[in-house]
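> For reference, the sequence and a predicted model appear below.
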Number of protein chains: 2
Amino acid sequence: MNPSVSTKTAQPNRDSNLNRESCIARDKADPLAFARARFFLPDNTIYLDGNSLGARPHAALARLDAAIRDDWGKHLIQSWNTADWVNLPQRVGDKIAPLIGASVGEVLVADSTSVNLFKLLAGVLSLPEVANDPSRQIILSERDNFPTDLYIAEGVNKMLGNRYRLKLVSGEELQSALDSSVAALLVTQVDYRTGRVHNMDELNRAAARCGTHVIWDLSHSAGALPVQLNQDGATFAVGCGYKYFNGGPGAPGYLYVHRDWQTRLSTPLSGWFGHAAPFTFVPQYTPAENISRFQCGTPSVLATIALDAGVDTFADISMSHLREKSLALTDLFWQLADTHLSSFGFQCVAPREHVLRGSQLSFAHHNAYAIMQAIIDRGVIGDFRRPNLLRFGFTPLYTRFVDCFDAIMIIRDVMQSGVWQSEKYQHQHAVT
Amino acid sequence: MNPSVSTKTAQPNRDSNLNRESCIARDKADPLAFARARFFLPDNTIYLDGNSLGARPHAALARLDAAIRDDWGKHLIQSWNTADWVNLPQRVGDKIAPLIGASVGEVLVADSTSVNLFKLLAGVLSLPEVANDPSRQIILSERDNFPTDLYIAEGVNKMLGNRYRLKLVSGEELQSALDSSVAALLVTQVDYRTGRVHNMDELNRAAARCGTHVIWDLSHSAGALPVQLNQDGATFAVGCGYKYFNGGPGAPGYLYVHRDWQTRLSTPLSGWFGHAAPFTFVPQYTPAENISRFQCGTPSVLATIALDAGVDTFADISMSHLREKSLALTDLFWQLADTHLSSFGFQCVAPREHVLRGSQLSFAHHNAYAIMQAIIDRGVIGDFRRPNLLRFGFTPLYTRFVDCFDAIMIIRDVMQSGVWQSEKYQHQHAVT
């Protein structure tokens, strides 16, 4: 890793003296190497899918054990006060805040990414200046956005009587598609397939010029690269707890609402935990005057505690070191793939430029599905994404340089041996 | 306990020979006594708040330990297939189904009670026959309904442009308020304060005569008394996982949609897990053709596993035995309160008639808050509900007859000693 490389403009590094030993040497010099000990990682496995489900932090089990045994078990209902469960979603939100460039009190852990997106999009489209302006007709998004974001936009719009039209364009066309007819722009910062990064500052400025509200989805960026919500002028965002934040399968999501907007935006998912005074049990809804208004039902305490342990794996981690390592890992993997896999027809679809690249690489291959099953059988865990992508995620807290080397050697072996052509790897499961 | 008592019509039993020994004798004869061993219950505590947060099943910890250590830890992303996480919400729903009189495939664990209510109410109000009938103007509910239900109704209606009017009446007036102007009736089967039970069959019939859709909230009834959704003509219901189902703090909720309605009703919370083929990642939403369409985002696996352990505490439990014991417990507690507490001004607000009584008793008292704090300090855990109620829940799987006796003796002692008048018990916390 070369710390002098600027993450803003650099092109990929090429290492002319690349072998297993040089990878081990890099791991020894890695300033983030200490973080790997925070995770349980199974033997004989190279896990390159932490962008889909983060690995298990050691602390998750101990933390849940204590919460279940002592707080739930012994103190029962009183733990809402004594263990301060009642403020847990805000507390974990405040831990996430500095990792995404938000301020204290601007981030809340709640529900799922999809539900949180519903809250914010419905809120934005119900703002009087949006709802009452007939020229604001468009919800703009990217055709290749993660589908649930598009499904939620459909659902919100349908409930609003199809008052808006969902317009889908390519990532490159987003900015030029912005005009004063666009009520809301939904944009995922890092593309889940190609790993391409959108420029948050630039898109926010372009949207602001058109009076368009932007809702960012940070699912594939937060915890993988520095996100600067405040600095880049973001007002609304949602994100995922179970990917880079290591919160466990189906972990709660989170949402960000800039302080200036917290009392202006309201959510139709107006459950009792978003009430200004939930425990007065009055029949009329009055939203809290802060980020808590974006809570709906009783928060999932156990799941939020697991997420808390996941977020804590970022303690004492410099996000610029993390970004440097992430780029070094993807540079390395790409170079190794060029050397060892290109003759087998692997074609990387990630952006070459660092500034455009997330913490993942995808390779197009006609036989992507079968190949991925075969390499998973050999202990290299990535995933298949339709129609023809092998996707590999690089999680700088626990992925090592030597993992990249070993994974490429295994993939090469799978290709050379032709084992991927076995019948058992051909059938596509419902889930991958 | 007298098993010859009909739960449909009986009046309270009076035990003329009531003392601690006779309570212990009842516990010895209790056919459900074996179930208490399924729970961890702390020493020196009489827990009468399982209607707010169920006690911890021993299995919860072991089950989560295995899921975290093995499924998440070792098998990582593959557990969506190998541990069948992907069907977990349906699987646990199918376990809940027989406990609420529903059929396999009619119950789904998902999100929170509030979010699930939003899904069903928004779905009902978007049915063409409702939305397009201008005479259907009313969302009817009970003034004393649990507030989140009313808040959600407000939120749904606001997002629908206040197309409807939320009409709140007393529980007794619900049936007479039904007419053809009522689009939807939201009714909680057991009142969270008084414990009064609504007659599901009768209300469903009355609503059907008016063409009104009913959404039942089972939060304070399911797991406490026999619920017969299919038999009583219910089409839609939601419920809570963390009360009588012992799913842990903030456990996911569940929803019920009668099989005939699953493809007719659609939810605006159209996340990817409700898609007919979520892993094809197509940009257009097509809802699943079954109960799965009511999923939204990625399900909370860890929280659902804890709920699974909670629901399993009902294995081999006869719901009619459960109901008999529940009534015997409330009869006993009430009789003891009459004998020992009435001179201190305690007034029970629960219905005398068995058929109208849930598994809880509330007592009005001018100093309810301070008294509850004082008895909690003595290890009797109930809760305070505004404005002036001491509420006690009786969970037949782990509450013993002797617990009722001991609790009353402690409360009597607190009243006789006047300790509740201590300054430290007067200040009301934000949360109770």
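Structure received.
> Now do the strands in the stretch 101-250 of chain A.
Taking DSSP state E, counting those that start in this stretch as the criterion, the stretch 101-250 of chain A contains strands spanning A:107-110, A:138-142, A:165-169, A:182-188, A:213-217, A:236-239.
> Quick check: which of those is nearest to chain B?
strand A:165-169 (6.4 Å; CB to the nearest CB). (Glycine included, C-beta is placed from N, CA and C.)
> tell me the mean pLDDT over the closest one?
Per-residue pLDDT over strand A:165-169 has a mean of 98.
> just stretch A:188-202 next, same as before
What stretch A:188-202 shows for mean pLDDT is 97.
> Figure out the length between the terminal residues of it.
Chord length of stretch A:188-202, first to last residue, is 14 Å (CA to CA, to the nearest Å).
> Of all the residues in the stretch 101-250 of chain A, which one is nearest chain B?
A:Ser112 (2.8 Å).
> still on that earlier bit, could the strands of the stretch 101-250 of chain A be laid out in CSV, adding mean neighbour count and distance to chain B?
CSV is the format used below for those (neighbours: other CB atoms under 10 Å in any protein chain shown; distance: least, CB to the nearest CB, whole Å):
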stretch, mean neighbour count, distance to chain B
strand A:107-110, 30, 10
strand A:138-142, 24, 9
strand A:165-169, 16, 6
strand A:182-188, 25, 12
strand A:213-217, 26, 12
strand A:236-239, 29, 10
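> For the stretch 151-300 of chain A, what lies in contact range of chain B?
A:151-152, A:154-156, A:158-161, A:168, A:242, A:248-253, A:267-275, A:277-285, A:296-300 (CB under 8 Å from any CB of the partner chain).
> Among those residues, the buried ones, what's the PyMOL command?
Of these, the buried ones go into a single PyMOL selection, burial set by 16 or more other CB atoms under 10 Å in any protein chain shown:
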select buried, chain A and resi 151+152+154+155+156+158+159+160+168+242+248+249+250+251+252+253+267+268+269+270+271+272+273+274+275+278+279+281+283+285+296+297+298+299+300
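> ok so, going back, show me the contacts for the residue of the stretch 101-250 of chain A closest to chain B.
By CB atoms under 8 Å, 6 or more residues apart in numbering or on different chains, the contact set of A:Ser112 is A:Gly250, A:Pro252, A:Gly253, B:Asp111, B:Gly271, B:Cys296, B:Gly297, B:Thr298, B:Ser300.
> A:Arg400: neighbouring residues, count only.
20 (other CB atoms under 10 Å in any protein chain shown).
> meant to ask about A:Thr339
A:Thr339 has 12 nearby residues by other CB under 10 Å.
> ok, residues contacting stretch A:86-93?
A:80, A:84, A:105-110, A:252, A:254, A:291-292, A:295, A:299, A:301, A:304-305, A:307-308, A:311, B:430-431.
> which among those end up buried?
A:80, A:105-110, A:252, A:254, A:291-292, A:295, A:299, A:301, A:304-305, A:307-308, A:311.
> which ones are touching A:Ser270?
Contacts of A:Ser270 by CB under 8 Å, 6+ apart are A:Tyr285, A:Pro287, A:Cys296, B:Tyr151, B:Ile152, B:Glu154, B:Gly155, B:Lys158.
> can you tell me which two in these are farthest apart?
Using CB to CB, the two most remote members of those are A:Cys296 and B:Lys158, lying 14.3 Å apart.
> Rebuild the strands of the stretch 101-250 of chain A as JSON lines, extending it with distance to B:Asp331.
Below are the strands of the stretch 101-250 of chain A laid out as JSON lines (distance: least, CB to CB, whole Å):
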{"stretch": "strand A:107-110", "distance to B:Asp331": "42"}
{"stretch": "strand A:138-142", "distance to B:Asp331": "58"}
{"stretch": "strand A:165-169", "distance to B:Asp331": "59"}
{"stretch": "strand A:182-188", "distance to B:Asp331": "57"}
{"stretch": "strand A:213-217", "distance to B:Asp331": "55"}
{"stretch": "strand A:236-239", "distance to B:Asp331": "50"}
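> In this structure A:Ile96 contacts A:Val109, no?
Yes: with contacts defined as CB atoms under 8 Å, A:Ile96 counts as touching A:Val109 at a distance of 7.3 Å.
> Now do the shared contacts for the two.
Common neighbours of A:Ile96 and A:Val109 (criterion: CB under 8 Å, 6+ apart): A:Tyr254.
> picking up where we left off before, let's see which of the contacts of stretch A:86-93 end up in strands.
A:Val107, A:Leu108, A:Val109, A:Ala110, A:Tyr254 (DSSP state E).
> show me where the stretch 101-250 of chain A has helices.
Remark: helices assigned in the stretch 101-250 of chain A by DSSP state H, counting those that start in this stretch are A:113-125, A:128-131, A:147-159, A:174-177, A:200-209.
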